[in-house]
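A.B. asks: With the sequence up front, the predicted model follows.
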Amino acid sequence: MKLDEKQISEIIKNVLASAAAENSVAEDARSYKGVFDSMAEALEAVNKAYKQYRSYTVEQREQMIAKIRELTLNEAEEMAKLGVSETGMGRVADKIIKHQLVANKTPGTEDLSPSVMTGDNGLTLIEMAPFGVIGSITPSTNPSETVICNSIGMIAGGNAVVFNPHPNACKTANYAVDLVNRAILEAGGPENLVVSVYKPTMDSSKEMMQSPIVRMLVATGGPGVVRALLSSGKKAIGAGAGNPPVIVDETADIKKAARDIVAGASFDNNLPCIAEKECFAVDSIASELIAGMQEAGAYLIKGEQIDKLVKIALVEKDGKYDINKKWVGKDAGKFLKELGIDSDARLIICETENLHPFVQVEMMMPILAIVRVPDVDDAIEKAVAAEHGNRHSAHIHSKNVDTLTKFARAVETTIFVKNAPSYAGIGAGGEGYTTFTIAGPTGEGLTAAHSFTRQRRCVMVDGLHIV
Ligand code: NAD
């Protein structure tokens, strides 16, 4: 076969383009500190780093963490942009805030408090020791935030970390792995204290979970990963899915409740696992609440528009609904455009029945269904059912102390926010520290350095008891 000049030039163009693409991958691989081609290499490197790290002081741990905080603040915008462009989910401005929260409010070594017991027989000391190398699986919804938050807590606890990030967000997660390593090196720490793989897969995840080097596992994600982790036979922390309801009763400051719910439910396009995902409003104030939400920037859709949105946002199989992954974390304006509406609203709201899939499915989209209920007891019953026993997060706007207590007792969630946007529950505008790994299923709650340590008891008999 004889090729003409045009065909030859087309072939050359294609060869050059694919060489350039390969080079850019290779450059990324070189420039990302702590990121390896294979899990075996990553495990070997982190094991070596952990052995070195054993001789570092707590003060040195803090110096490394201070540097991680500094670089996170400096590069928050870059990571936020990378996260949105790689995953196609969320909002840059909100992701910047999430990185700032992680940098400023993730606890360091101060979270590790030893305890003592003294008495006639002497003194017993309980100290918080590292597990060793921790294997961590991270989600696509907060990829760099989770890597940095986990790294700070795990390093504070004296551990090293190997990450197997979500494949659809691995560039962003690995940028964060690189940042953490740059910070550690600048602060005089060891190489590869935090590692990852360039192309995470289910196989690399399995290899990590089964490696004898890894002494503890932490997973942040949906039910699948938490199940896989809990059957690993290792000490595991599972931070699983939620479907947080928010209740508004007739005693609430309705205008404020409306503003708070729009702010929380639209934050990062509803990606956070703690965000308000369905609303139960007492009938006597429901219309006022909806009007308040519209004033606060939400767009109300009705009737056929709702049915059309169901077909866009969800997929149906055998009468069961699941999320349409293509639409997770997209801007409200994009959904509205599909409905023929030109609007830059942050949140779409609609009234539905209680069993509507917008209420029952954890969607992670800026769409909030509002269910009218006759009274707050009915709201509590329906909200508890919609949370599906995840015991993750629930929120309420009410000034009635009995109602606040009743809902909290009934729903049994790890996070329960009263009269504020949901993100107050992770330290944004509420008291308390920040985490992006909220461990409901395994009970650690809002994880921090102490969660990544094991207790060791040191007993001195007949001595050091000085009174
Ligand atoms: P996902 O479950 O699809 O993925 C999470 C991670 O688990 C990824 O790294 C993925 O590759 C891995 N994974 C999934 N199934 C696995 C299996 N069987 N074995 C091994 N690894 C597996 O979740 P996502 O879409 O990235 O994130 C959203 C979900 O995570 C939501 O359900 C949200 O509520 C939850 N989430 C929870 C928390 C929390 O702190 N509790 C925080 C963020 C997200």
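C.D. replies: Nice, thanks for sending it over. Numbering: from 1, shown residues only.
A.B. asks: Closest residue of the stretch 351-467 of the chain to the ligand?
C.D. replies: Of all residues in the stretch 351-467 of the chain, Ile438 sits closest to the ligand, at 3.6 Å by Cβ to the nearest ligand atom. Any C-beta I mention is one placed from the backbone N, CA and C, and that applies to glycine too.
A.B. asks: ok, that residue - contacts?
C.D. replies: Ala239, Cys273, Ile274, His392, Ser393, Thr414, Ile415, Ile426, Gly445, Leu446, Thr447 (Cβ atoms under 8 Å, 6 or more residues apart in numbering).
A.B. asks: Would you check how far apart it and Gly427 are?
C.D. replies: Separation of Ile438 from Gly427 (Cβ to Cβ, to the nearest Å) stands at 12 Å.
A.B. asks: what does the helix or strand Ser204 falls within rub up against?
C.D. replies: For Ser204, the host element (DSSP states H and E) is helix 202-210. Outside helix 202-210, the residues within contact range by Cβ under 8 Å, 6+ apart are 38-40, 43, 135, 137, 162, 164, 197, 214, 217, 228-229, 232, 234.
A.B. asks: can it be found next to the ligand?
C.D. replies: Yes: using Cβ under 6 Å from any ligand atom, helix 202-210 comes into contact with the ligand via Met202, Ser205.
A.B. asks: So which bits of that helix are buried?
C.D. replies: Residues of helix 202-210 classed as buried: Ser204, Ser205, Glu207, Met208, Met209 (neighbour count, 16 or more other Cβ atoms under 10 Å).
A.B. asks: State the mean pLDDT of it.
C.D. replies: Mean pLDDT, computed over helix 202-210, is 97.
A.B. asks: Repeat that for stretch 313-323.
C.D. replies: 94.
A.B. asks: re the thing from before, identify, from the contacts of helix 202-210, the entry nearest to Val459.
C.D. replies: When those are ranked by distance to Val459 (Cβ to Cβ), Lys234 comes first, at 27.8 Å.
A.B. asks: how about the residues of the stretch 1-150 of the chain that lie near the ligand?
C.D. replies: Residues of the stretch 1-150 of the chain lying near the ligand (Cβ under 6 Å from any ligand atom): Ile137, Thr138, Pro139, Ser140, Thr141, Asn142.
A.B. asks: Near the third one, how many residues? Count them for me, please.
C.D. replies: So the one you mean is Pro139. Per other Cβ atoms under 10 Å, the neighbour tally for Pro139 reads 24.
A.B. asks: Quick check: it touching Val147?
C.D. replies: No: counting by Cβ atoms under 8 Å, Pro139 stays clear of Val147, with 10.4 Å between them.
A.B. asks: and the contacts of helix 202-210, which of them are in strands?
C.D. replies: Among those, the ones falling in strands (DSSP state E) are Gly135, Ile137, Val162, Asn164, Val197, Val214, Leu217.
A.B. asks: and those residues, which two are the farthest apart?
C.D. replies: Spatial extent of those (Cβ to Cβ) is set by the pair Val197 and Leu217 at 15.8 Å.
A.B. asks: Show the pLDDT at whatever residue of the chain ends up closest to the ligand.
C.D. replies: The ligand sits closest to Gly221 of the chain, with a gap of 2.4 Å, by Cβ to the nearest ligand atom. Gly221 is assigned a predicted lDDT (pLDDT) of 95.
A.B. asks: follow-up on the earlier one: enumerate the beta-bridge partners assigned to the residue of the stretch 351-467 of the chain closest to the ligand.
C.D. replies: Per DSSP bridges, the residues bridged to Ile438 are Leu446.
A.B. asks: what's Gly119 in contact with, if anything?
C.D. replies: Residues near Gly119 by Cβ under 8 Å, 6+ apart: His465.
A.B. asks: now the closest residue to Gly329 other than its chain neighbours: how far from Ile323?
C.D. replies: Nearest non-adjacent residue to Gly329, counting by Cβ to Cβ, 6 or more residues apart in numbering: Met89, 2.7 Å away. Distance, Met89 to Ile323, by Cβ to Cβ: 12 Å.
A.B. asks: okay, the two: which has more neighbours?
C.D. replies: Legend: neighbour count by other Cβ under 10 Å for Met89 and Ile323, higher for Met89 (25 against 16).
A.B. asks: Count the residues that sit near Pro374.
C.D. replies: Pro374: 10 neighbours (other Cβ under 10 Å).
A.B. asks: And for Leu464?
C.D. replies: A count of nearby residues for Leu464, using other Cβ under 10 Å, gives 12.
A.B. asks: and it, what does it touch?
C.D. replies: So Leu464 contacts Thr118, Gly122, Leu123 (Cβ under 8 Å, 6+ apart).
A.B. asks: which element is it on?
C.D. replies: Leu464 belongs to no helix or strand, assigned by DSSP H and E.
A.B. asks: separation between it and Met117?
C.D. replies: Distance check for Leu464 against Met117: by Cβ to Cβ, it reads 12 Å.
A.B. asks: Residues that sit against both of these two, list them.
C.D. replies: Leu123.
A.B. asks: related to what we said a few turns ago, among the buried residues of helix 202-210, which one lies nearest to Glu70?
C.D. replies: Out of the buried residues of helix 202-210, the member with the shortest distance to Glu70 (by Cβ to Cβ) is Met208, at 29.1 Å.
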